[in-house]
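# no sequence on hand, only this structure:
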């Protein structure tokens, strides 16, 4: 038997989609065949191309999380709580300028230093203990066999495909492709997609930000006036939380509703139970 909680945690760690994690856990908790069929239909309704790499039509490039987009959050952290008018805009603008300037310098240094991606370096280290058999040199078709597992895979360099799936999904040479290139004295860099090349990355950061100057020298603004919606105003007391780290085992969807250990009711804890006697009640009992 397998623990449903750990299955959900492992699923979340692999796919990083809390909505799918909840559906998978619900499937495990299905008590009837009808309930199982309903939960499976909900999972199938999402569509495989939205969360399965082999059906994503090549749009995810091997990325299973939103970290590629969320990496900008640390750059803007701290500026989100500033006043909107001047400080927020200026802080965001200058932080983005600092990011682009630093990344532009880094890519310039990497170009002259001969930068190699860590994923390719890892594949090079794991390229040993693989036997290569050439079948079609003109079309660059090879059969590789892992000496430890004895698993046989087919590598087609012309089609840029490997049976392991990493080559066509990530567009980077996998360990089997690197082994075939080394065996036939081919340059593995020819099979790296252009999007990974330093020349393409430099194009992202080549744009320069314009100097803002003194705000008093700015031209007068002419346009619509933005009015804040009072209903969207933050009403919580205290400072907003800047960072919150969640684990798959700590997910609210996995734990379910909070149950009080004093009255067994849902929605509150034992320390905040309304039926729990206070200090005054305890003192009265002691006096009697």
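The structure has been received and is ready for your questions. Source: prediction; values computed, not measured.

# drop to CA atoms for contacts and neighbour counts, all remaining ones
Noted.

# what about residue 12, how many residues nearby?
Residue 12: 21 surrounding residues under other C-alpha atoms under 10 Å.

# could you do residue 222 as well?
Neighbour number of residue 222 under other C-alpha under 10 Å is 6.

# which stretch of helix or strand covers it?
Using DSSP states H and E, residue 222 sits in no helix or strand.

# got a pLDDT number for it?
With respect to pLDDT, residue 222 scores 88.

# could you do residue 176 as well?
Per-residue confidence (pLDDT) for residue 176: 92.

# count of residues packed around it?
30.

# over to the one 10 residues further on?
Neighbours of residue 186 under the rule other C-alpha under 10 Å: 12.

# the closest residue to it other than its chain neighbours: what's it in contact with?
Spatial nearest neighbour of residue 186, chain neighbours left out: residue 180 (8.0 Å); criterion: C-alpha to C-alpha, 6 or more residues apart in numbering. For residue 180, the contact set (C-alpha atoms under 8 Å, 6 or more residues apart in numbering) comprises 132, 142, 144, 186.

# filter the residues you listed to the buried ones?
Buried by 16 or more other C-alpha atoms under 10 Å: 132, 142, 144, out of the contacts of residue 180.

# residue 188 touches residue 173, doesn't it?
Yes - judged on C-alpha atoms under 8 Å, residue 188 makes contact with residue 173 at a distance of 6.9 Å.

# neighbour-wise, which of the two wins?
A side-by-side neighbour count of residue 188 and residue 173, using other C-alpha under 10 Å, places residue 173 first with 27 against 18.

# what's near enough to touch the nearest residue to that one once chain neighbours are set aside?
Leaving aside its sequence neighbours, residue 173 sits nearest to residue 167 (C-alpha to C-alpha, 6+ apart; 5.5 Å). Going by C-alpha under 8 Å, 6+ apart, residue 167 touches 160-161, 173-174, 177.
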